[in-house]
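1. just to be clear, the model below is a prediction. Sequence and coordinates:
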Amino acid sequence: MKKFDITEFLSKFIKKSRRRLGFGTVEIVLIIAVLISLALLFRTAITSYATKLITSVFGDQSILSQSDNEED
């Protein structure tokens, strides 16, 4: 089963949509607004997943502690 790739999906969607007459900025802005809303809605899940991923790749918390210090 093929993994879902959001960037590939969006690029194909935009290419197909450009062929249609009348697809413009408003539709793209709405799509971006929906994606941002979903990201904000699932912010804690995304942050938790990213933290686990970074920890598994680098094996320690040094990267995460550096990013926490930069936010201050």
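-> The structure has been received and is ready for your questions. Residues are numbered from 1 along each chain as shown.

2. Ile31: neighbour count?
-> 14 (other C-beta atoms under 10 Å). Quick note: C-beta positions are derived from backbone N, CA and C, even for glycine.

3. residues contacting it?
-> Leu10 (C-beta atoms under 8 Å, 6 or more residues apart in numbering).

4. separation between it and Thr44?
-> Ile31 sits 23 Å away from Thr44, going by C-beta to C-beta, to the nearest Å.

5. what of Leu30?
-> Leu30 sits 25 Å away from Thr44, taking C-beta to C-beta as the criterion.

6. check Phe58 too.
-> For Phe58 relative to Thr44 (C-beta to C-beta), the value is 21 Å.

7. look at those two and report which has more neighbours.
-> More neighbours surround Phe58 than the other of Phe58 and Thr44, with 11 against 8 (other C-beta under 10 Å).

8. tell me what the strand or helix carrying Leu53 is packed against?
-> Here Leu53 sits within helix 43-58, counting by DSSP states H and E. In terms of contacts (3 or more C-beta pairs under 8 Å, 6 or more residues apart in numbering; DSSP states H and E), helix 43-58 is packed against helix 62-71.

9. pLDDT of the helix it packs on, averaged?
-> Across helix 62-71, the average pLDDT comes to 63.

10. next one: stretch 34-50
-> 91.

11. convert the C-alpha atoms of it to PDB, please.
-> C-alpha atoms of stretch 34-50 as PDB (Å, rounded to 0.1, in the frame of the first residue of the first chain):
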ATOM      1  CA  VAL A  34      -8.200  24.500   6.300                       C
ATOM      2  CA  LEU A  35      -4.700  23.000   6.500                       C
ATOM      3  CA  ILE A  36      -3.700  25.600   9.100                       C
ATOM      4  CA  SER A  37      -6.900  25.000  11.100                       C
ATOM      5  CA  LEU A  38      -6.200  21.300  11.100                       C
ATOM      6  CA  ALA A  39      -2.600  21.900  12.200                       C
ATOM      7  CA  LEU A  40      -3.800  24.100  15.100                       C
ATOM      8  CA  LEU A  41      -6.500  21.700  16.100                       C
ATOM      9  CA  PHE A  42      -4.000  18.800  16.200                       C
ATOM     10  CA  ARG A  43      -1.100  20.900  17.500                       C
ATOM     11  CA  THR A  44      -0.400  18.700  20.500                       C
ATOM     12  CA  ALA A  45      -0.500  15.500  18.600                       C
ATOM     13  CA  ILE A  46       1.800  16.900  15.900                       C
ATOM     14  CA  THR A  47       4.300  18.200  18.500                       C
ATOM     15  CA  SER A  48       4.300  14.900  20.400                       C
ATOM     16  CA  TYR A  49       4.900  13.000  17.100                       C
ATOM     17  CA  ALA A  50       7.800  15.400  16.200                       C
END
